[in-house]
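Asks: Give me the fold of what follows.
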Amino acid sequence: MRLRIQHSRLQEAEAKAAAAEERERSINERLSQTLSRINVLEAQVSCLRAEQTQLSKTLEKERQRAAEIRQEYLAAKEEAKQFKV
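Replies: Predicted structure coming up:
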């Protein structure tokens, strides 16, 4: 009788250990997938930051160009006024 109880307890412990190992395997798999997604997202963030930097530079150049064109326009407008008088 005692041997059956011990055998039953052993089987129960083995089943619990197997379930714990399966949970650990599942968690490790999810962790691996999550880390992989994090790496992809970090790479995307890096690309977006580089693109943002480039766009900011382009925007600044365009603003400077617009300011120069505005100055040229104002100068031409003043010159045109002088001829009308």
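
Asks: Spit out the contact partners of residue 6.
Replies: Neighbouring residues of residue 6 by C-beta atoms under 8 Å, 6 or more residues apart in numbering: there are none. C-beta here means a position set from N, CA and C on the backbone, and glycine is covered the same way.

Asks: does it sit in a helix or strand, and which one?
Replies: helix 2-84 (DSSP states H and E).

Asks: so what pLDDT did residue 5 get?
Replies: Per-residue pLDDT puts residue 5 at 89.

Asks: got it, and residue 60?
Replies: 98.

Asks: what number of residues lie near residue 38?
Replies: 10 (other C-beta atoms under 10 Å).

Asks: Return the distance of it relative to residue 52.
Replies: Residue 38 sits 20 Å away from residue 52, going by C-beta to C-beta, to the nearest Å.

Asks: and what of residue 23?
Replies: For residue 23, the distance to residue 52 - C-beta to C-beta - is 42 Å.

Asks: With residue 4 instead?
Replies: Separation of residue 4 from residue 52 (C-beta to C-beta): 71 Å.

Asks: where does the chain have low pLDDT?
Replies: 85 (pLDDT under 70).

Asks: if you set the cut-off to 90 instead, what comes out?
Replies: 1-5, 7, 80-85 (pLDDT under 90).

Asks: what's residue 75 in contact with, if anything?
Replies: Contact analysis of residue 75 by C-beta under 8 Å, 6+ apart lists nothing.

Asks: and stretch 47-57, how far out from the chain's middle?
Replies: 14 Å (C-alpha atoms, centre = their mean, to the nearest Å).

Asks: Likewise for stretch 30-41?
Replies: From the chain centre to the centre of stretch 30-41 is a distance of 12 Å (C-alpha atoms, centre = their mean).
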